[in-house]
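Engineer: fold the following for me, if possible:
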Amino acid sequence: MPTTQRPLRRLLTPLAAVALTLPAALITASPAAASPAAASPAAAHPSVAHPPVARPAVTPSRPVTAPTAAPALAAAPAPAPLLDDGLALTPPMGFNNWNSTHCRAEFNEAMVKGIADLFVTEGLKDAGYQYVNLDDCWALPERGPDGNLVPDPVRFPNGIKAVADYVHAKGLKLGIYTSAGTKTCNRAGFPGGLDHEQQDANLFASWGVDYLKYDNCNNQGRDAIERYTTMRDALKATGRPIVYSICEWGQNKPWLWAQQVGHLWRTTGDISDNWGSLKGIIQRNLPLAQYAGPGAWNDPDMLEVGNGGMTDIEYRTHFSMWAIMAAPLLIGSDLRKATPATLEILGNREVIAVDQDRLGVQGEVIAQENGRYVVVKRLQNGDRAIALYNETDRAATISTTAAAAGLPQAPAYRVRDLWTKTTRETAGVISATVPPHGTVLVRAGTDRRWPLYPPAVELTVATEGELALVEPGTAAVLTTVGTNHGRLPAALSHVDLSEPAGWAVTATSRSSTPVLLPNRPLRTTWSVTPPADAKPGSYELTGRITYYPGQGARPSVTPAAITVVVPPPAPIGTVFLSDVPFLTASNFYGPVERDRSNGERPGGDGKPITIRGTVYAKGLGVHAPSDVEFYAGRHCSTVRAVVGVDDETNRRGSVGFEIYADGRKVAESGQLTGVSPAFPITADVNGATVVKLVVTDGGDGQNYDHADWADLIITC
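Structural biologist: Next up, the predicted model:
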């Protein structure tokens, strides 16, 4: 790219003239549309049999590029709070200790007070976090002589009221936990609230409790609606405003009845600090948008951000998707140990504003294909929050349009990336290259000032969505595409691609253009050669396109992370795939286990693989949803296995097994349950480069979905 100013001025002067000669209608774009009117408040519903909040559902379109219009998305009104008590009109924000401490001794009064202190000193209170919530294990295992719950004197020597007073003095609120059963969920058997509802509610109110999480363990088979409604009435009778969190794991479809019972309800089983768990919960919660609204929220469980089991990219996805799903934001990590990166994610006020938007709607899926989603959330001022979410193991370009997001017609739109804090103008296309497991979250709207923003320029890979495999010591071809989605041209556009140490990356076609006009892309071909001794694994090439948006303007840069993979050696002969390295692996709970069942937690915690009484020495143990990829090198022919739900579930769970060859489904089992016999499955993978093994959750959630690929063999 030229380094002198003279040629730059020669190019930018005519470009400025282009902007100045645009029709007046383009320069004076209409302001943002007025925010939709909220529905008038409704009276509290007298019966839990009332139907759910009525909202038009948006049917996902097949392509990952969204349809051109979405009238239902733009027109749906916000519902009135069904409990009509003025509580939780936006999703609750705060902290819960369980994900970081479980029942360990570190959960105590000092920790709780320390979290309250950090809410203030780290600016989290000012960002909107207000509830400091205690989970299980705060009480003694037995009630007192008067039948009341007794705080553990070791953990809470000054009692719960003293903790509540401390929290309240800082302008915060205190939450507590019990279960709608005879005991709570912990194995120590702390007393639950079943048949003690009014006594416990009165006690909580006397302590100054502001929030109750009511779990579902040891429920004695009693009707869920009855149990949770009884506690609702008990809390109301105290006269104290207490936010009521229903935690029955989505087993009885609470989204169909809980709007009149509680302020939020769990839609899934417990979250775990790994990508498979996060991905599965997002899949379960996304379709429930029509049931959420002010005072009544779908709850996909607490945040794992900062607990260490995922990458920062995955944690940003976690926070972004919770925000666009209008989910409660309950920090689940120990803030006393939080890194700057964790605090940056949890404290992103622009993302929090999406979650807390007063219109109170959950984002809806308007496009979905092969693990790539476009999710749109209407905001009170007429803007749209748009999540481009990539649940796959490959970088992917995900696109939509302003019209598809429900924005009114305009000459151009303002698009702000809520993580990079950059603002661009677009003629209508909203697109990004999203890293594996990543989410790009933007806020888009009409804006009179759009000509002042740089055009939205994107850098993608021509073969996006496919795994870029490169053999050691062998040159591979990679093509980048620079595209201007803006209304205005971009000058002196130049693409750079940097490589890891020891790699050779060379442009074999032009990588610059004097003017990058809208929708006239710059395509550059690159030769990429890893060293001959490159070890198997993923490597990142850092790409960027630099351009000048106007006369005297500073350069704008759009980065792009391009992942290439050096595969392990392909199998030779007939071998067990549990002895072959994974190319990629994703699992809901815990890691994919080799020659063991899935124990849900650390690696190696499973048991011998067992299906309907038969024990198998070899295979993979997974927890649905799961997918595992292997490099086949184009010279394997067949994959065979015996599949089923592991006996350790006690005949519970339901799953489906699928085998893919280079993205094409070549075998499937159909739905198998905990009582189904072992199912033999065979797939023709002849000529495939990559073989992928997928286990779905059977369409009914992920509880007890321990699945086995027993005697899993590939022939090459």
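Engineer: wasn't residue 648 part of a helix?
Structural biologist: Yes. Using DSSP: H, G, I helix; E, B strand; the rest coil, the assignment for residue 648 is a helix.
Engineer: residues contacting the closest residue to residue 571 other than its chain neighbours?
Structural biologist: With C-beta to C-beta, 6 or more residues apart in numbering as the criterion, residue 571 has its nearest non-adjacent residue at 4.7 Å, and that residue is residue 716. (Each C-beta comes from the backbone N, C-alpha and C, glycine too.) Residue 716 is in contact with 570-575, 632-633, 635-637, counting by C-beta atoms under 8 Å, 6 or more residues apart in numbering.
Engineer: let's see that with 6 Å instead.
Structural biologist: Going by C-beta atoms under 6 Å, 6 or more residues apart in numbering, residue 716 touches 571-572, 635-636.
Engineer: can you tell me which of those residues lies nearest to residue 446?
Structural biologist: Among the contacts of residue 716, residue 636 lies closest to residue 446 (C-beta to C-beta), at 53.6 Å.
Engineer: contacts only, for the closest one.
Structural biologist: 685, 714, 716.
Engineer: how much space separates the first one from residue 639?
Structural biologist: Separation of residue 685 from residue 639 (C-beta to C-beta, to the nearest Å): 6 Å.
Engineer: same thing with the second one?
Structural biologist: Going from residue 714 to residue 639 by C-beta to C-beta gives 5 Å.
Engineer: ok, residue 333 next?
Structural biologist: Taking C-beta to C-beta, one finds residue 333 at 40 Å from residue 639.
Engineer: ok, now residue 441?
Structural biologist: Separation of residue 441 from residue 639 (C-beta to C-beta): 38 Å.
Engineer: tell me how many other residues surround the nearest residue to residue 518 once chain neighbours are set aside.
Structural biologist: Excluding the flanking residues, the one nearest residue 518 by C-beta to C-beta, 6+ apart is residue 484, at 4.9 Å. For residue 484, the neighbour count with other C-beta atoms under 10 Å is 26.
Engineer: beta-bridge partners for residue 484, please?
Structural biologist: Beta-bridge pairing for residue 484 (DSSP bridges): residue 457, residue 518.
Engineer: so it sits against residue 516, correct?
Structural biologist: Yes. Look at residue 484 against residue 516 with C-beta atoms under 6 Å: they come within range, at 4.7 Å.
Engineer: pLDDT below threshold where in the stretch 51-200 of the chain?
Structural biologist: Applying pLDDT under 70 to the stretch 51-200 of the chain flags residues 51-81.
Engineer: domains for the protein, by residue range?
Structural biologist: 93-360, 363-453, 454-566, 574-715 (automatic domain parsing).
Engineer: span of the first one from start to end?
Structural biologist: What that stands for is domain 93-360. Chord length of domain 93-360, first to last residue, is 14 Å (C-alpha to C-alpha, to the nearest Å).
Engineer: quick one: it to chain centroid distance?
Structural biologist: Offset of domain 93-360 from its chain centre (C-alpha atoms, centre = their mean, to the nearest Å): 19 Å.
Engineer: helix, strand or coil for residue 285?
Structural biologist: Assigned by three-state DSSP, the conformation of residue 285 is helix.
Engineer: which ones are touching it?
Structural biologist: Counting by C-beta under 6 Å, 6+ apart, the residues that residue 285 touches are 267, 298, 300, 325.
Engineer: against residue 556, how distant is it?
Structural biologist: Using C-beta to C-beta, residue 285 is found at 36 Å from residue 556.
Engineer: tell me the bridge partners for residue 498.
Structural biologist: residue 542.
Engineer: hmm, back to that, OK, contacts around the residue nearest to residue 518?
Structural biologist: By C-beta under 6 Å, 6+ apart, residue 484 lies in contact with 455, 457, 490, 516, 518.
Engineer: export these to CSV and tack on neighbour count and pLDDT?
Structural biologist: Below are those laid out as CSV (neighbours: other C-beta atoms under 10 Å; pLDDT from 0 to 100):
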residue, neighbour count, pLDDT
455, 25, 97
457, 24, 97
490, 28, 96
516, 25, 97
518, 19, 95
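Engineer: many thanks, I have nothing further to ask.
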